[in-house]
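Trainee: Just a sequence and a predicted model for now, questions to come.
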Amino acid sequence: MTSVEHSEVQFGRTLIEYDIRRSSKRRTVAVTIFPAGNIILTAPTGASVERLDRVVHQKARWITSRLRSVRPFAQAAPQKEFVSGDSFLYLGRQYRLRVLAGPEEVRLDGGRLLVRAPEGRGRADRIRGLLVAWYRARAEDWLPARAQLWADRMGMTAPNVLVREQELRWGSCSANGVVRFNWRVIQAPARLVDYVVAHEVLHLRHPDHTKAFWSALGSVMPDVDSRRTALRGFGGRVDW
């Protein structure tokens with residue numbers, strides 16, 4: 001095997017990202033989807049990326065069907081009841097939920113995530129809504145600053161940052177210089193949040209996952225591969 005390459009194929013609204021591993025022993029292309037949601041194509045040494053993209057596009061319905069069984073994030077998330085004792089992540093740290101009656105409020109209280117909400121029907125849904133709003137507000141504070149930091153390191157202009165609900169992706173960018181992030185990413189450890197931020201900011205210069213893209217990202221983030229792998233195995237813990 002040689003070094004791993006990367007490519008992506010757009011299928012409807014889903015971006016299928018995959019790794020390429022080449023082998024002189026291969027005569028055909030094999031597609032493997034791992035439980036963590038990562039896709040690897042094992043290909044003959046001389047197979048072009050364009051050919052492999054076509055293979056992925058031809059198999060896209062099967063691939064997306066398989067991905068739905070392991071995504072939007074890699075592991076199945078524990079069921080949340082939105083009651084005291086539930087566990088939630090914030091920047092990689094676990095916080096136990098403490099629910100109290102009273103005027104609506106969410107805040108960190110030592111090692112706990114404190115939520116106040118009136119009692120009554122639909123309280124669990126209301127608590128979830130309060131938590132989502134709190135996480136989004138934290139993401140809106142944190143992510144633009146990190147985007148500025150990584151843009152500076154890469155000699156780029158800081159993008160406009162929007163925080164959104166995105167079912168299948170941690171982040172995305174548009175040609176007009178806007179980067180969008182899934183609010184859920186703020187639950188991940190800071191080093192993984194930084195990977196997502198730097199990745200999307202760099203896409204404003206390199207739209208595709210070319211060798212130039214990965215080389216540029218690796219030059220400012222030498223452990224990019226380990227962060228990427230860790231993020232793939234992390235996601236199911238933040239989907240609620």
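Mentor: Sure thing, it's come through.
Trainee: Quick check: the residue most central in space within the chain vs Arg180, distance?
Mentor: Closest residue to the average C-alpha location of the chain: Trp170 at 2.9 Å, with CA atoms, centre = their mean. Applying CB to CB, to the nearest Å, the value for Trp170 to Arg180 is 10 Å. Just so you know, the C-beta spots here come from the backbone N, C-alpha and C atoms, and that holds for glycine as well.
Trainee: Mind checking what secondary structure the closest residue in space to the residue nearest to the centre of the chain that isn't next to it in sequence has?
Mentor: Taking CB to CB, 6 or more residues apart in numbering as the measure, Trp170 lies nearest to Val196, with 4.7 Å between them; neighbours along the chain are not counted. Classification of Val196 into helix, strand or coil gives helix, according to DSSP: H, G, I helix; E, B strand; the rest coil.
Trainee: Val196 and Gln10, how far apart?
Mentor: From Val196 across to Gln10, the span is 19 Å (CB to CB).
Trainee: which of those two has more neighbours?
Mentor: Higher neighbour count among Val196 and Gln10: Val196, with 23 against 11, using other CB atoms under 10 Å.
Trainee: ok, back up a step: correct me, but the residue nearest to the centre of the chain touches Trp183?
Mentor: No: assessed by CB atoms under 8 Å, Trp170 is found out of contact with Trp183, at 10.3 Å.
Trainee: What's the first helix or strand after the helix ranked longest in the chain?
Mentor: The helix that spans the most residues within the chain, counting by DSSP state H, is helix 123-153. Past helix 123-153, further along toward the C-terminus, the next helix or strand under DSSP states H and E is strand 160-164.
Trainee: Given that next one, what are its sheet partners and their directions?
Mentor: When pairing is defined by DSSP bridges, strand 160-164 lines up against strand 178-182 (parallel).
Trainee: Report the rounded mean pLDDT for the strand it pairs with.
Mentor: When pLDDT is averaged along strand 178-182, the result is 93.
Trainee: Can you give me the buried ones in it?
Mentor: Of the residues in strand 178-182, those scored as buried under the neighbour-count criterion (16 or more other CB atoms under 10 Å) are Val179, Arg180, Phe181, Asn182.
Trainee: what does that strand contact?
Mentor: Here strand 178-182 makes contact (CB atoms under 8 Å, 6 or more residues apart in numbering) with 139, 143, 147, 159-166, 169-174, 196-197, 200-201, 203-204.
Trainee: pull the CA atoms of that strand into CSV?
Mentor: Output in CSV follows, covering the C-alpha atoms of strand 178-182 (Å, rounded to 0.1, in the frame of the first residue of the first chain):
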residue,chain,number,x,y,z
VAL,A,178,-19.1,32.1,4.4
VAL,A,179,-18.3,29.1,6.6
ARG,A,180,-21.1,27.2,8.3
PHE,A,181,-20.7,25.0,11.3
ASN,A,182,-22.9,22.5,12.9
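Trainee: For that strand, what is the distance to the chain centroid?
Mentor: The gap between where strand 178-182 is centred and where its chain is centred comes out at 11 Å by CA atoms, centre = their mean, to the nearest Å.
Trainee: same deal with stretch 162-174?
Mentor: Stretch 162-174 has its C-alpha centroid displaced from the chain centroid by 8 Å (CA atoms, centre = their mean).
Trainee: I appreciate the help and will end here.
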